[in-house]
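Peer 1: the sequence isn't on hand, but the structure is:
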DNA sequence: TTATATATACTCTATTTGAGTATATATGTA
DNA sequence: TACATATATACTCAAATAGAGTATATATAA
């Protein structure tokens, strides 16, 4: 690479394409044989071919994954030096625009080296559905305590302590499922995620239990995507982009839980969803089931025309 | 311009720098003598000089406005063809990353051709503090009705009708102060804002009462900034970035109202702010006033360490 | 028939919101 | 000085919402 390359800015478009099946939120990843790590589908933005950033993304994703994106929204633009190269300092500067896309999982993937992967493989500390993830007590808390101890001065240590408490819900503080990005960034700064070593960070430690690493800054983009989706669900009916045309209320709830990573109160969830006019019954019932058959519902698209911002502001955690 | 330019992508950084004084929200603009229109401070991103996008922005803004930015957050990256050129089709493709920055207004501006301008000059329909803005009934509703009538088919007309109702709170629908961008985009598509003519849109109409136009897509960035700030205020204590070290609760309320563009219920605002632990009394009282002197408060920075997402989720509109 | 699993309806309380009233303390003026 | 007026602050009250249940209905599996 010549130094002229370092003058250049290329715009990369990356997409976190999400779907949920069987109570498992998945993201579409491409296996990169050279580096061995997973990557989000990405490609360059071509100003000649593409009228908008989003249309560029759709085109690229279509070519690469044979998927037709439905819902897509821009997340954030990342341009930090040192967090994109394979090896620090090489190659032209890349500014990457991250997108979140939602899709119903449909049949086999036609693209090679492409697979749906449970997003909790990359963020094992984010799934609180069955219980508080063991990795938090076992690995994260000790690692962050070391990070605090390594602080150059007391104010810095104090700041790190606070971030740890607020991010991971320690000292009786509530777990905030939306802080996915903050948590990842804290772990990155603490030097314990795999990307740190690759980026040549000074305090990088050899670590294993902190989730699978990804190419470039793709794990950061994915963290941003999860944060955004967990938040947006509450005031926009985006979950329905992930549901089949008809579904039972429990299936809907399980999807919401899969995304948010927390369990909800069933009766109140039903009250909320029906009370908001988000769904309507079809009269038919679901076939396969153990107990009493559940009614099949469909999304009431009309809510979008009736109320300014309908969503599932999920409160009521836990309990039967 | 050669066609080679059209292959190039340049990254521009633009900032909506906001401050509030005397119950008036202002944005820092640069008067461009050539085009005659206002612009946000903007400049190119240089990958060699700048480690991150944000540090690039801070550097640029410092040089251009002599201001030291405090709070800054990235808004969105715009890259649409045809919405950035002075004249359609000319010049290299520019992808612009918009930022929101907050600052206390401090003394005189040292930079030439730079001034603070009331943001409602650009969006006169957004200020509902005294009453529903007349421009909505007088100019916007008729213009949008024409836009609906011009629809090529009935489904399109129906869509436009719904957008009009939801955006501008017609038919008894509530006014949603956060939909600033949606409203601007609707007016843009309807061809009635000044930028449409400049961009050479087919349905552009000569119009006047729809706010001052801005250079490039800067008015779109500003709309995004206002939307974001109006929303963020509710779950993060960002208003305090705009307040002096001590202030009365009414001053705080007036600032929030200036930003959101709606009036709030005084007693409930006080209950909320104090109940959330966002402020603490100083014991001192404000000097200048008409009636009973008000206590001076200061922001309790500690809330950031105590609770996950403290903000002013303003409910209670209107009334004394 | 019974145990079990799921669906759905309904209840009850605590908290939060929206909208007031009541009272305190200042200024300006008849 | 007394009073009208303006602002600050305390307190009240009802409606709506949220959190956590209980109760009952309807299916399957043993």
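Peer 2: Received the coordinates, thanks. None of these values were measured; they are calculated from a predicted model.
Peer 1: got a pLDDT number for the most centrally placed residue in chain A?
Peer 2: Centroid check for chain A by C-alpha atoms, centre = their mean gives residue A:226 as the closest residue, at 2.6 Å. With respect to pLDDT, residue A:226 has a value of 98.
Peer 1: show me what contacts it?
Peer 2: With contact set as C-beta atoms under 8 Å, 6 or more residues apart in numbering or on different chains, residue A:226 has these partners: A:16, A:119, A:123, A:126, A:180, A:259. Bear in mind the C-beta positions are built from the backbone N, C-alpha and C, glycine included.
Peer 1: tell me which helix or strand the nearest residue to the third one once chain neighbours are set aside sits in.
Peer 2: Meaning residue A:123. Residue nearest to residue A:123 in three dimensions, not counting chain neighbours: residue A:211, with 5.5 Å by C-beta to C-beta, 6 or more residues apart in numbering or on different chains. Assigned by DSSP states H and E, residue A:211 falls within no helix or strand.
Peer 1: then residue A:73?
Peer 2: strand A:71-78.
Peer 1: same for that strand, what does it pack against?
Peer 2: helix A:53-65, strand A:93-102, helix A:218-232, strand B:71-78 (3 or more C-beta pairs under 8 Å, 6 or more residues apart in numbering or on different chains; DSSP states H and E).
Peer 1: again, only using 10 Å
Peer 2: strand A:9-21, helix A:53-65, strand A:93-102, helix A:218-232, helix B:53-65, strand B:71-78, strand B:93-102 (3 or more C-beta pairs under 10 Å, 6 or more residues apart in numbering or on different chains; DSSP states H and E).
Peer 1: farthest-apart pair in the contacts of residue A:226, please.
Peer 2: A:16 and A:126 (14.0 Å; C-beta to C-beta).
Peer 1: model confidence over stretch A:52-63, on average?
Peer 2: Stretch A:52-63 comes out with an average pLDDT of 90.
Peer 1: ok, stretch A:279-296 next?
Peer 2: Across stretch A:279-296, pLDDT averages out at 88.
Peer 1: quick one: that stretch near DNA strand C?
Peer 2: Yes - contact between stretch A:279-296 and DNA strand C, assessed by C-beta under 7 Å from any atom of the strand, occurs at A:285, A:286, A:289, A:290, A:291, A:292, A:293, A:294, A:295.
Peer 1: could you look up the SS state of residue A:296?
Peer 2: Here residue A:296 is recorded as strand under DSSP: H, G, I helix; E, B strand; the rest coil.
Peer 1: domain ranges for chain A?
Peer 2: A:3-121, A:125-211, A:237-306 (automatic domain parsing).
Peer 1: end-to-end on the last one?
Peer 2: The reference is to domain A:237-306. 13 Å (C-alpha to C-alpha, to the nearest Å).
Peer 1: same thing with stretch A:105-117?
Peer 2: End-to-end distance for stretch A:105-117, by C-alpha to C-alpha: 12 Å.
Peer 1: going by neighbour count, which residues of that stretch are buried?
Peer 2: A:105, A:111, A:114, A:116 (16 or more other C-beta atoms under 10 Å in any protein chain shown).
Peer 1: now do stretch A:144-155, average pLDDT.
Peer 2: 96.
Peer 1: and that stretch, how far from the chain's centre?
Peer 2: The chain centre lies 29 Å from the centre of stretch A:144-155; the measure is C-alpha atoms, centre = their mean, to the nearest Å.
Peer 1: give me the buried positions along it.
Peer 2: A:144, A:147, A:148.
Peer 1: hmm, the first one is touching residue A:162, no?
Peer 2: I take that to be residue A:144. No - at 11.4 Å, residue A:144 does not count as touching residue A:162 under the criterion of C-beta atoms under 10 Å.
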